[in-house]
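Asks: A structural model of the following input is requested.
(2 chains)
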Protein chains: 2
Amino acid sequence: MTHATPGKPTMAKPTISAPQRALVEKHAATLDAAMDAVMSRKSWSPFKDSPSSKIHGEEKPPAGKAAFEARLNQRFDIDLPGITGWSGEEVSPFTREPLGITYPLCEPEALIASAKTAMADWSKASPGLRIALCLEVAEQLYDNNFEMAHAVMHVAGQSYTQAFSGSGPNALDRGIEALAYAAMAMDKVTPAAEYHRQFGRDQVALEKTYTLVPRGVGLVICCASFPTWNAYPAMFASLATGNPVIVKPHPIAILPMAIVVERCRAVLSAFGFDPNLVTLAADTIAEPIAGHYVDHPDVQIIDFTGSPRYGSHLEKTVTGKQLFTETAGVNSVVVESVDDLVASMRAIARASSLFSAQMCTSPQVVFVPKDGIQTRDGHASFDAVAQCIVDEIDALAANPKVAAGIMGAVQAQLSLDVVTEASQMAGGEGLRILREGEAYAHPDFPKALTRTMMVIAGDSSHQAMYAEERFGPVLFVVATDSADAAAQEATELARTRGTISCYMYSTDEDFIDRWVDVYAAVGANLSINLTGAMWINFAAAYSDYHVTGLNPAGNACLADLSFVASRFRIAQRRRPIVTPLSGSAEKTASTG
Amino acid sequence: MTHATPGKPTMAKPTISAPQRALVEKHAATLDAAMDAVMSRKSWSPFKDSPSSKIHGEEKPPAGKAAFEARLNQRFDIDLPGITGWSGEEVSPFTREPLGITYPLCEPEALIASAKTAMADWSKASPGLRIALCLEVAEQLYDNNFEMAHAVMHVAGQSYTQAFSGSGPNALDRGIEALAYAAMAMDKVTPAAEYHRQFGRDQVALEKTYTLVPRGVGLVICCASFPTWNAYPAMFASLATGNPVIVKPHPIAILPMAIVVERCRAVLSAFGFDPNLVTLAADTIAEPIAGHYVDHPDVQIIDFTGSPRYGSHLEKTVTGKQLFTETAGVNSVVVESVDDLVASMRAIARASSLFSAQMCTSPQVVFVPKDGIQTRDGHASFDAVAQCIVDEIDALAANPKVAAGIMGAVQAQLSLDVVTEASQMAGGEGLRILREGEAYAHPDFPKALTRTMMVIAGDSSHQAMYAEERFGPVLFVVATDSADAAAQEATELARTRGTISCYMYSTDEDFIDRWVDVYAAVGANLSINLTGAMWINFAAAYSDYHVTGLNPAGNACLADLSFVASRFRIAQRRRPIVTPLSGSAEKTASTG
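Replies: Numbers count the residues shown, from 1 in each chain, chains lettered A, B, ... in the order given. Below you'll find the model as predicted:
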């Protein structure tokens, strides 16, 4: 009869190698700063979001461009399990040429099985190590961000500067923000405790062990227009909490995510983990594959960013899994009164023109009282306000360099169809096209698919036109009976159609006070009286919450505790504390 | 032209009355201690869980009994909106007499509408005040716990001492634990921040406001056998985060929850809130009403405790809402080897006999290697182990006072049908009834519906018998090929059928080490080698996590951050910081 030593601690400490320990130490300060930042919500980032070579040196920009160009017309080789073929359908919105890159297509069962295999070791790694590995990925992606900028440009159509900042550091920041929350949530679970309590005449002494258990395979479904921005937080949140991740990019925008997956796998391998913790589930437009993963019982976490149509399908059908969504809604501007009319309308014109309104935060409808508004320079009629927006868009469009930097390109025909459809509807009674959207001449890419904002004026009777998301360069200026009617309609649209970001201009504090609670109640994040150099639709990681979960635009808040807290679970065990030389231990030993 | 003063702060501080402030101060130390307790997971409670009059005084026990008796054969008057009738079907498992209490039946629309109305003020109250109000409810319920003990006894069948402790302080502790997590989660959201960053040549300065927004009406569906234990954490978690709560008790066990609702409403009213924040949705067995609430779009949070059948229906159909479930599973014991056979089997016998196995933590199947096990007194055969369990149950059953204190009564015929069905199946090949379940004579209630444990022996070929939850006094002792086969079967049952609590007896540390990770992976909380005065199925609030969410037994972890973090959402607003005497403010003022 063999008995092991009683009282041997059963808590297996995760083993950690010297390079792993060094990695945790390397990134500790960044993690601490990120945790401070999400608590204080002040401006912070470990990165610089300007592509200036004054910051990054002269070598990085051309090297990044060369790295991107070396990808073209090649297989994007990732050693994934279960490869059944190769495919790629990406076309650059700037050159209008196919990228010619093909990606491995894999058997879903093979990716899921390998993810589960990889999970065993990963789930036993300490949270601190998992987070440090994600931070290492972020740092390496930042180091190679010029390549990413070109990759995003040529699949999504973002301008070079936006692709560099918005799809680079700003997106990585959202990922690190998720790591900060994951760290906080996991920190709240003590790994062990002693429990002492009197029960009747017994003094009970128990040792308790609390194990963080990952929930299961995470599926990250990325959008076409801004793939990295939501993918990083989703991937990092799942990885940090012990889950493997399968990345399902949009078939017209695979390259950025393939680069991310490649980088994750390299870092994981370098530090002794199975690279199949992060895999790429590429597919084609003709044969979409997401459903196979969504339905698989081992896929337990789904992060979706994309169209309201598929997002809403998931929201209505997925049960028994953790589903995070960001879809879209109708972002509105209410103009009640302004200090500086031109500055305010310029802010709206710039925000709607940014990436030709192909952003989840793009304003789509501007509500203005039909009798006009007060400004510091006196009364401005509805038409004067609308014309001011048009003038500001004209000014942007007139300068090709400015236009290129702001608008970038239109990703695909789909975004132009939106304009065409709006144009056809604009013939309706009471509607006026104030500005036709036209191509602008891109200074670097003469064939680029470009389009400036179309502006259509109407009134609240035209809700059918503006009350659903039109993901393309169309802006509606809508006359309402009053400013309160405008806010009423804006908040009701938010409640019923969803919104990511709302805007308000008012110099009347009573008006603002009257409406802020209503905006909050319908889950509309609200920017008030923003003008100037910061894009009014800029959402800063660590400071701005993104998506409230209170309206149909999704439930994936970047980032809060709810974004991470259910990605892991807690399993416990408990047993009597055995003092090696006490009664029962001796007894056990004596009978061994 | 009117302009309000620029720079007026838009952050409305919640107003708080003097009595409200005093309440927050009164409960501050308890909240702090609870937050410490859930972090350290040490033994703690603000309450005493013994009904001894040495603790509570001589007056409280008879006063509680009298208060309960005064409820009988009366309308339970709660001034609810939309009352359409009165009904009550409760029968005491101890006296076998109807309680004769009728409860208001209400229009779901009326309760939901009044909950939404009440939510407006509640959502604006500070988290600290909401939590203090819940703590006041807990304290008052504790003060009146003798009445609650009788109420629970006579609807559920719990023994007097168990009803006092398990449905009283132990349950209130789980509620306060949820408050501690709610406080932590909400504390992580700063109410405001200043944001300063350079954009181009602009130094941007924004004030940001972050508002906690409750998710919506919370529905708490309670189980029949242990209504308060899961209801308190669910109710308190929803209330603390700003949501109103509609309590839907089981039609055969309304009284305890009616008392809770009455108490909540009194406390809310006393401190200036709308009592319709907490309402009672009583229904009848013939006309169940839960579905009306579940389907209503304003009901955004559902906490369900009860049968796997209805729970699984909810898990498969509810989308777009936050659903927390605790259903049931198959709780197993694996006996690999023991130090003291009698002490170990007594622990199992007591745990299964507690409340006649009508608990979500009751062990249902004991796996023992067919060739027997090692003990400190040498080898014990399978039959000897099984007989030891039977002997220990016999010993409990032989003493009516002990039996009454442990087993209480069988709640309803349903629990006896489970026994009958098992008895009929036990005629199958290879199965042996080792012990018939019989009524025992309750010393205080001669007509009490009582039943001691039936014990059936079989082997792994009889999975159909023991591999689903049998919610009644039946225990299976199952012979396996080996101890590892036992653990394999136990963990596989946990994974596929769910479990709340698993048990293991082994003096072999290698065996334990080999299996603890597997138990954790399938989400089985594991108690190892527990014997003595503490019930092995006792789950201590603040220390023991309850339900992992990793298997079919439910996802409502009592309590962790995931139990609270998605009950509220965050809406933000931001605007430029205006310095009253700076340029733009002066300009605005000069044009006003």
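Asks: Around the closest residue to A:Leu255 other than its chain neighbours, how many other residues sit close by?
Replies: Spatial nearest neighbour of A:Leu255, excluding adjacent residues (CB to CB, 6 or more residues apart in numbering or on different chains): A:Ala151 at 4.6 Å. Placement of C-beta: from N, CA and C, glycine included. A count of neighbours around A:Ala151, defined by other CB atoms under 10 Å in any protein chain shown, yields 31.
Asks: Quick check: the gap between A:Ala151 and chain B.
Replies: Per CB to the nearest CB, to the nearest Å, A:Ala151 is found 25 Å from chain B.
Asks: In a helix, that residue, correct?
Replies: Yes - counting by DSSP: H, G, I helix; E, B strand; the rest coil, one finds A:Ala151 located in a helix.
Asks: What does the pLDDT read for it?
Replies: pLDDT recorded at A:Ala151 is 98.
Asks: Thought A:Glu262 was touching it, still the case?
Replies: No - counting by CB atoms under 8 Å, A:Ala151 stays clear of A:Glu262, with 11.3 Å between them.
Asks: Name the residues contacting each of these two.
Replies: Listed as contacting both A:Ala151 and A:Glu262 by CB atoms under 8 Å, 6 or more residues apart in numbering or on different chains is no residue at all.
Asks: ok, now how distant is A:Phe511 from chain B?
Replies: Taking CB to the nearest CB, one finds A:Phe511 at 8 Å from chain B.
Asks: swap in A:Ala541?
Replies: In terms of CB to the nearest CB, A:Ala541 sits 12 Å off from chain B.
Asks: What number of residues are in the vicinity of that residue?
Replies: 27.
Asks: hang on, it in a helix?
Replies: No - under three-state DSSP, A:Ala541 sits outside any helix and is assigned coil.
Asks: Contacts only, for the spatially closest residue to it that is not a sequence neighbour.
Replies: Spatial nearest neighbour of A:Ala541, excluding adjacent residues (CB to CB, 6+ apart): A:Asp173 at 3.5 Å. Contacts for A:Asp173 (CB under 8 Å, 6+ apart) come out as A:Ser45, A:Pro46, A:Phe47, A:Ala540, A:Ala541, A:Tyr542.
Asks: Now do the same for A:Asp173: helix, strand or coil?
Replies: Once three-state DSSP is applied, A:Asp173 turns out helix.
Asks: how far away is the nearest residue to A:Leu526 once chain neighbours are set aside from A:Val334?
Replies: Among residues not flanking A:Leu526 along the chain, B:Arg573 sits closest, at 4.1 Å (CB to CB, 6+ apart). Per CB to CB, to the nearest Å, B:Arg573 is found 13 Å from A:Val334.
Asks: Between the two, which has more neighbouring residues?
Replies: Using other CB under 10 Å as the criterion, B:Arg573 and A:Val334 rank with A:Val334 on top: 29 against 24.
Asks: Quick check: A:Asn243 vs chain B, distance?
Replies: 12 Å.
Asks: That residue touches A:Val564, doesn't it?
Replies: No - A:Asn243 is beyond contact range of A:Val564, at 10.9 Å (criterion: CB under 8 Å).
Asks: So what's the residue count around the closest residue to chain B within the stretch 301-450 of chain A?
Replies: Taking CB to the nearest CB, chain B has its nearest neighbour within the stretch 301-450 of chain A at A:Arg376, 4.2 Å off. Counted with other CB under 10 Å, the neighbours of A:Arg376 add up to 19.
Asks: Does it touch A:Asp340 like I think?
Replies: Yes - in this structure A:Arg376 lies within contact range of A:Asp340 using CB under 8 Å: 6.4 Å.
Asks: Residues that sit against both of those two, list them.
Replies: By CB under 8 Å, 6+ apart, no residue touches both A:Arg376 and A:Asp340.
Asks: Quick check: residues of the stretch 101-250 of chain A near chain B?
Replies: A:123-124, A:184-185, A:188-190, A:193-197, A:199-202, A:204, A:206, A:208-211, A:213, A:215 (CB under 8 Å from any CB of the partner chain).
Asks: Please parse chain A into its domains.
Replies: Taking automatic domain parsing as the reference, chain A has its domains at A:77-327+A:554-571, A:332-528.
Asks: Got phi/psi on A:Gln203?
Replies: When read as degrees, to the nearest 10, the backbone of A:Gln203 gives phi -90, psi 110.
Asks: residues in contact with it?
Replies: A:His196, A:Arg197.
Asks: And for A:Cys134?
Replies: A:Gly175, A:Leu179, A:Met235, A:Phe236, A:Leu239, A:Ala240.
Asks: Quick check: which element contains it?
Replies: Using DSSP states H and E, A:Cys134 maps to helix A:127-143.
Asks: just how off-centre is that helix within its chain?
Replies: 17 Å (CA atoms, centre = their mean, to the nearest Å).
Asks: hmm, back to that, any idea how far the residue nearest to A:Ala541 is from A:Tyr542?
Replies: For A:Asp173 relative to A:Tyr542 (CB to CB), the value is 7 Å.
Asks: overlap in contacts of these two?
Replies: Common contact partners of A:Asp173 and A:Tyr542 (CB under 8 Å, 6+ apart): A:Ser45.
Asks: A:Lys42 - how many residues pack around it?
Replies: 18.
Asks: got the residue ranges for the helices in the stretch 301-450 of chain A?
Replies: Ranges of helices in the stretch 301-450 of chain A, per DSSP state H, counting those that start in this stretch, are A:308-317, A:341-353, A:382-398, A:400-407, A:413-425.
Asks: just the angle between the third one and helix A:400-407, please?
Replies: Taking axes from the mean of the first three to the mean of the last three CA atoms, to 10 degrees, one finds that helix A:382-398 is oriented at 110 degrees with respect to helix A:400-407.
Asks: Against A:Ser332, how distant is A:Gly554?
Replies: In this view, A:Gly554 and A:Ser332 are 17 Å apart by CB to CB.
Asks: same thing with A:Gln203?
Replies: For A:Gln203, the distance to A:Ser332 - CB to CB - is 65 Å.
Asks: what do you get for A:His379?
Replies: 23 Å.
Asks: cool, and A:Gly549?
Replies: Taken as CB to CB, the span from A:Gly549 to A:Ser332 is 19 Å.
Asks: swap in A:Ser167?
Replies: Distance from A:Ser167 to A:Ser332, by CB to CB: 26 Å.
Asks: Please report how far the nearest residue to A:Phe445 once chain neighbours are set aside lies from chain B.
Replies: Leaving aside its sequence neighbours, A:Phe445 sits nearest to A:Phe94 (CB to CB, 6+ apart; 3.9 Å). Applying CB to the nearest CB, the value for A:Phe94 to chain B is 24 Å.
Asks: What about A:Glu97, how many residues nearby?
Replies: 13.
Asks: Likewise for the one 3 residues further on?
Replies: Counted with other CB under 10 Å, the neighbours of A:Gly100 add up to 12.
Asks: next one: phi and psi at it?
Replies: Here A:Gly100 shows phi and psi, under degrees, to the nearest 10, equal to phi 70, psi 10.
Asks: Which secondary structure element of chain A has the lowest mean pLDDT?
Replies: Ranking every helix and strand in chain A by mean pLDDT, DSSP states H and E puts helix A:583-591 at the bottom, with a mean of 38.
Asks: All good on my end, thank you.
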